[in-house]
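Q: Test case, fold it:
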Amino acid sequence: MTDTQAPICVLGMHRSGTSCLTGLLEDAGVFLGEVSKKNPHNLKGNHENIRIMHLHDEVLNSNGNSWDDPPHGKLIWSEVQKTALRAILDEYQHQRLWAFKDPRSLFTLPVWQDAVPDLRYIGTFRHPGAVAQSLHRRGKMAAERAFRLWLRYNKQLLELQETLGFDILCFDLERADYIKSVANAFHHLGLDVSDTNLAFFEEDLRSTSIEPMFAEPPQEVMEIYLHLRKIAA
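A: Here you go, the predicted model:
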């Protein structure tokens, strides 16, 4: 790695492997700052900076949106919110290489790009049935609504990938294939993983069994999923 590298933004929907991917970045020597390492819905924490998450929630709420009702157009940030973002960035300014993760970033990204023009990206996605099932178990979200939400987030992920050209990882792969794809994507980011076995990933971090009520997502949802599979790293 060089002495200083551009920061990394992890992109992907809730319950889609973003926490795992961010933990693996930390395995590879990337600084995350003060992030959650343990919570009820993630065995190893969601690896989010709570200040970033709260700021994104404020931006969404002030635009009449929320994480489970994301916008379809551009979000408007207030000057106070932009100042809060600059204060967060100041905390990382002396780090050689750092990363952050929050699924809401899929919709709040433009102001980040203005503030950090050299920002780099890595994305992740997961089978819509697995995501819908996880959202239902966590908050009793109905399958139909969960599939609509999956579609909204992953259309946004696909649009950003087509524009910015970053690697996207599939969280559904078998362990060996997943770790190989992670290592390849990290190599593209200039990360040397030769001295780490990327041990953060554990099978307990995900459930691969999908119940019948979530096993047959709508056709449009599956079309996006299959397209993501084709372009995945």
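Q: tell me the helices in this protein, going along the chain?
A: Remark: helices assigned in the chain by DSSP state H are 18-27, 50-62, 79-90, 105-115, 128-139, 143-164, 175-188, 219-231.
Q: Now do the shortest one: distance to the chain's middle.
A: Between the mean C-alpha location of helix 18-27 and the chain-wide mean there is a distance of 10 Å, by CA atoms, centre = their mean, to the nearest Å.
Q: angle of it against helix 105-115?
A: Angle, helix 18-27 to helix 105-115, by axes from the mean of the first three to the mean of the last three CA atoms, to 10 degrees: 40 degrees.
Q: what inclination does helix 18-27 have with respect to helix 175-188?
A: Going by the same axes, to 10 degrees, helix 18-27 makes 60 degrees with helix 175-188.
Q: can you list the weak-confidence ranges in this structure?
A: Confidence mapping of the chain against pLDDT under 70 gives the ranges 1-4, 36-46.
Q: Please repeat the previous calculation with a cut-off of 80.
A: For the chain, applying pLDDT under 80 flags the ranges 1-4, 36-46, 203-208, 233.
Q: ok, back up a step: so of the helices of the chain, which one's packed in deepest?
A: helix 18-27 (a mean of 24; mean count of other CB atoms under 10 Å). C-beta: built from backbone N, CA, C; applies to glycine.
Q: Not counting it itself, show me its contacts.
A: Outside helix 18-27, the residues that touch it by CB atoms under 8 Å, 6 or more residues apart in numbering are 8, 10-12, 32, 35, 42, 44-48, 99, 101, 103, 122, 124, 169, 171, 182, 186, 191, 193, 196, 198-201, 205-206.
Q: Alpha carbons only: can I get stretch 111-118 in PDB?
A: Below are the C-alpha coordinates for stretch 111-118, written out as PDB (Å, rounded to 0.1, in the frame of the first residue of the first chain):
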ATOM      1  CA  VAL A 111     -22.700  15.200  -0.700                       C
ATOM      2  CA  TRP A 112     -20.100  12.700   0.400                       C
ATOM      3  CA  GLN A 113     -18.600  12.900  -3.100                       C
ATOM      4  CA  ASP A 114     -18.500  16.600  -2.900                       C
ATOM      5  CA  ALA A 115     -16.700  16.500   0.400                       C
ATOM      6  CA  VAL A 116     -14.400  13.600  -0.500                       C
ATOM      7  CA  PRO A 117     -13.800  13.700  -4.200                       C
ATOM      8  CA  ASP A 118     -11.400  10.800  -4.200                       C
END
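Q: so how far is it off the chain centroid?
A: Offset of stretch 111-118 from its chain centre (CA atoms, centre = their mean): 17 Å.
Q: Kindly report the same for stretch 136-154.
A: 16 Å.
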